[in-house]
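K.L.:
sequence first, then the predicted structure, then my questions.
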Amino acid sequence: MTQHLALDPADLEIARNRLESIAEEVGTALIRTSYSPNIKDRRDCSAGVYRPDGELIAQAEHIPLHLGLMPTLIRNTLAEVGVDSLAPGDVVITNNPYLGGSHLPDTCLITPIHVDGEVIAVVANMAHHVDVGGLAPGSMATHATEIFQEGIRIPPLRLIKRGEIQQDLLDLLLTNVRTADKTRGDLMAQVAANSLGARRIQELVEDWGVARFRAAGQALIDYAERRTRAALRAMPDGCARFVDYLEHTGVREDDVPIVATVSKRGDELVVDLTECADQVEGAVNCSYAIAEACAAYAVKALADPTLPSNEGLMRPVTVRTRPGSVVAAQYPAPVSNGNTQTAQRIVDVLLGAFEQFVPDRVPAASSGSMSIVTIGGHDPETRRYFSYVETYGGGQGALPGMDGADAVHTHMTNTRNTPCEVIEREYPLRVKRYAIAHGTGGAGRFNGGSGLVRELEVTAGKVSAVVATARVTRRPWGLHGGQPGSPAQVHVVRDGSAQQLSAMNRLDLQQGESLSIQTAGGGGYGQRED
């Protein structure tokens, strides 16, 4: 960057806000134009602006898991397709977890922005589609044993080429999903949102010029790196190891160790996850990009929550994973529940390690799962397939000086709930109960937050359901004398009788039967003085 293009502090702040506002507008457009309640109401989507090599410049405040892994996925995708081969009007689609993606429902669309025939940036968004095929409606089969059972896997391909939809590719995708109407609508919403973002970037370049736009991107990344290094220097040096466990592989109950060693010296941090268990037969494996996302989240949460979220945030951080482990799964391992379960446990072990040398910043364990429920089948009223997908909040772990919040999404998820009215309008389901599970947070000087309980009854036909939660047998831990949170519970209700299920299950339900889930409470913090 030449001296005359250097940004002063005021210009830097203007650039940061303008670029972040573009990312926010992309996400807002996607939410407002999508078809499925999963995106429209729950807002299970994310967006960002990237340099041509995939380096993140700015992102919206959406889903921490998406936002943390998208730079890896986009960098690898652009390298595979060749950024110089992209023409104006092209849009690339992929959902490949082995490239650095999440799971197959999380589909990423990447749109290049050209100026004078050269790619100067890309806009990308990721959205969780309600079905991409596979064993179970919702494509979240916990019992899958290979990636092929989880749905259609899309390598980096041009969904749109020079402004023209590739109808044969779109037809191929829609033929392999249960909810073709919703999927097509959501894909087109992703395309439109990126198009808006590209237009906003072009308007910015018309104002600034290409050279200043590039200088702004570099300056923002350098600024984030300086800020992150300063925040790390302000933390005590230390090295600590922490172990926690998943309690289910997706196929069977078993303790799956997740192990983190965190070493901080000066302005650099090393997160070592190489001791984690080997990848398992069930669907709780995750990509190495998810592990990187968890590390980025922990650094920002503990070092300084105001740190800019771009490429510079992770420059002082090294994340080590072992290929073939549960946190760096390799083909053909199933991965559908790696983000909903394993990502949350990675955060738990990172916090547990950090707590040993920065104890005044770390909360007790939260509910420990995104607690996902999918229910789908053929709706006899509409005569079409439907797919209900929702993650449920739980108890937040108590913090130093503060009680944990009740019934909220924590750590790697940041979605909203699906309103009861929307569920009953869209699906053959009735919400029999939806409430805070009061008293499920761990007691302490500061109490953990309570989980929630939701019971859904099938009102017509037969459906297939998958439920996946955690902390059923291993309760969320408290800190400094605080008590653990209450465990999660899952029940199926048939003929007025409730049967408790394990943490992860697949089951069939008929009209009049219901599924109930109570999520775990958060751990308490500190010993009660009474």
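P.N.:
Yep, it's here. Numbers count the residues shown, from 1 in each chain.

K.L.:
note down every partner strand of the longest strand seen in the chain and its orientation.
P.N.:
For the chain, the longest strand by residue count, based on DSSP state E, is strand 253-265. Sheet pairing here is set by DSSP bridges, and for strand 253-265 it gives strand 238-248 (antiparallel), strand 268-272 (antiparallel).

K.L.:
in the last one, which residues are buried?
P.N.:
So that's strand 268-272. Neighbour counts over strand 268-272 (16 or more other CB atoms under 10 Å) mark Leu269, Val270, Val271, Asp272 as buried. Bear in mind the C-beta positions are built from the backbone N, C-alpha and C, glycine included.

K.L.:
that one: how far from the chain's middle?
P.N.:
Taking the mean of its C-alpha atoms, strand 268-272 sits 22 Å from the chain's own mean (CA atoms, centre = their mean, to the nearest Å).

K.L.:
and of the buried residues of strand 268-272, the nearest to Ser514?
P.N.:
Each of those was scored against Ser514 by CB to CB, and Val271 proved nearest at 41.7 Å.

K.L.:
what's opposite the closest one in the beta bridge?
P.N.:
Val262, Val319.

K.L.:
would you confirm that it contacts Thr318?
P.N.:
Yes - taking CB atoms under 8 Å as the contact criterion, Val271 and Thr318 are neighbours in contact, 7.0 Å apart.

K.L.:
one step back: tabulate the strands paired with strand 253-265 (TSV), appending mean pLDDT.
P.N.:
Shown next, in TSV, are these (pLDDT from 0 to 100):
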stretch	mean pLDDT
strand 238-248	97
strand 268-272	98
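
K.L.:
let's have those strands in JSON lines, adding distance to Ile39.
P.N.:
Shown next, in JSON lines, are the strands paired with strand 253-265 (distance: least, CB to CB, whole Å):
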{"stretch": "strand 238-248", "distance to Ile39": "28"}
{"stretch": "strand 268-272", "distance to Ile39": "31"}
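
K.L.:
could you point out which of those strands sits nearest Gly404?
P.N.:
Nearest to Gly404 among these is strand 238-248; the distance by CB to CB comes to 17.8 Å.

K.L.:
what residues does the closest one touch?
P.N.:
142, 253-264, 282, 284, 326, 341-342, 345, 348-350, 352-358, 470-474, 477, 502-504 (CB atoms under 8 Å, 6 or more residues apart in numbering).

K.L.:
check contacts around Ser46.
P.N.:
With contacts defined as CB under 8 Å, 6+ apart, Ser46 is in contact with Gly27, Gln59, Ala60, His62, Ile63, His66, Leu67, Met70, Asn125, Met126.

K.L.:
what do you get for Gly338?
P.N.:
Pro97, Ser102, His103, Ala283, Val284, Asn285, Cys286, Ser287, Ile290, Val326, Ala329 are the contacts of Gly338 under CB under 8 Å, 6+ apart.

K.L.:
show me where the stretch 51-200 of the chain has helices.
P.N.:
Using DSSP state H, counting those that start in this stretch, the helices assigned to the stretch 51-200 of the chain run over residues 64-81, 167-175, 180-208.

K.L.:
out of the ones you listed, which one sits most buried?
P.N.:
Mean neighbour count, computed with mean count of other CB atoms under 10 Å, is highest for helix 64-81 among those, reaching a mean of 24.

K.L.:
helices or strands next to that one in the packing?
P.N.:
strand 45-50, strand 56-59, strand 91-94, strand 106-115, strand 118-128, helix 288-303 (3 or more CB pairs under 8 Å, 6 or more residues apart in numbering; DSSP states H and E).

K.L.:
mind doing that once more with 6 Å?
P.N.:
In terms of contacts (3 or more CB pairs under 6 Å, 6 or more residues apart in numbering; DSSP states H and E), helix 64-81 is packed against strand 45-50, strand 118-128, helix 288-303.

K.L.:
gap between it and the chain center?
P.N.:
In terms of CA atoms, centre = their mean, the centre of helix 64-81 is found 13 Å from the chain centre.

K.L.:
other residues contacting that helix?
P.N.:
The contact list for helix 64-81 (CB atoms under 6 Å, 6 or more residues apart in numbering) reads 46, 50, 54, 56, 59, 92, 94, 99-101, 108, 124, 126, 156, 289-290, 293, 296-297, 339, 343, 412.

K.L.:
do that again at 7 Å, thanks
P.N.:
Under the criterion CB atoms under 7 Å, 6 or more residues apart in numbering, residues 46, 48, 50, 53-56, 59, 92, 94, 99-102, 106, 108, 110, 122, 124, 126, 156, 289-290, 292-293, 296-297, 309, 311, 339, 343, 412-414 lie in contact with helix 64-81.

K.L.:
which of these are buried, as a ChimeraX select command?
P.N.:
Of the contacts of helix 64-81, the buried ones can be selected in ChimeraX as follows, counting by 16+ other CB under 10 Å:
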select :46,48,50,54,55,56,59,92,94,99,100,101,102,106,108,110,122,124,126,156,289,290,292,293,296,297,309,311,339,343,412,413,414
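
K.L.:
re the thing from before, to Tyr434, which of the helices and strands packed on helix 64-81 lies closest?
P.N.:
Tyr434 lies closest to strand 118-128 among the helices and strands packed on helix 64-81, at 21.2 Å (CB to CB).

K.L.:
spell out the secondary structure type for Ser336.
P.N.:
For Ser336, the assignment made with DSSP: H, G, I helix; E, B strand; the rest coil gives coil.

K.L.:
what is the burial count for it?
P.N.:
Using other CB atoms under 10 Å as the criterion, Ser336 is surrounded by 37 other residues.

K.L.:
now swap in Val299 and tell me
P.N.:
24.

K.L.:
going forward can the numbers begin at 497, since that is how I track them
P.N.:
All right, first residue 497 from here; so that's Val795.

K.L.:
name the nearest residue to it, ignoring sequence neighbours.
P.N.:
Excluding the flanking residues, the one nearest Val795 by CB to CB, 6 or more residues apart in numbering is Val813, at 5.9 Å.

K.L.:
list the buried residues of stretch 855-862.
P.N.:
Buried residues in stretch 855-862, counted by 16+ other CB under 10 Å: Val858, Pro859, Ala860, Ala861, Ser862.

K.L.:
ok, the last one - contacts?
P.N.:
Neighbouring residues of Ser862 by CB under 7 Å, 6+ apart: Gly890, Gly891, Gln892, Gly893, Thr906, His907, Pro972, Gly1018.

K.L.:
could I get those residues in TSV, plus columns for pLDDT, secondary structure and distance to Tyr884?
P.N.:
Putting these into TSV (pLDDT from 0 to 100; DSSP: H, G, I helix; E, B strand; the rest coil; distance: CB to CB, whole Å) gives the following:
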residue	pLDDT	secondary structure	distance to Tyr884
Gly890	98	strand	19
Gly891	98	coil	24
Gln892	98	coil	25
Gly893	98	coil	29
Thr906	97	coil	22
His907	97	coil	24
Pro972	98	coil	27
Gly1018	98	coil	26
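
K.L.:
among the contacts of strand 734-744, the buried ones, what's the ChimeraX command?
P.N.:
Listed next is the ChimeraX selection for buried residues among these, using 16+ other CB under 10 Å:
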select :638,752,754,755,756,757,758,759,760,778,780,822,837,838,841,844,845,846,848,849,850,851,853,854,966,967,968,970,973,999,1000
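
K.L.:
the closest residue to Ser598 other than its chain neighbours and Glu953: what is the separation?
P.N.:
Closest residue to Ser598 apart from its sequence neighbours, by CB to CB, 6+ apart: Asn835 at 5.1 Å. Using CB to CB, to the nearest Å, Asn835 is found at 28 Å from Glu953.

K.L.:
with Pro593 instead?
P.N.:
With distances taken as CB to CB, Pro593 is found 34 Å from Glu953.

K.L.:
so how far is Gln1023 from the residue nearest the centre of the chain?
P.N.:
In the chain, the centroid-proximal residue (CA atoms, centre = their mean) is Leu561; its distance is 3.2 Å. Counting by CB to CB, the gap from Leu561 to Gln1023 is 34 Å.
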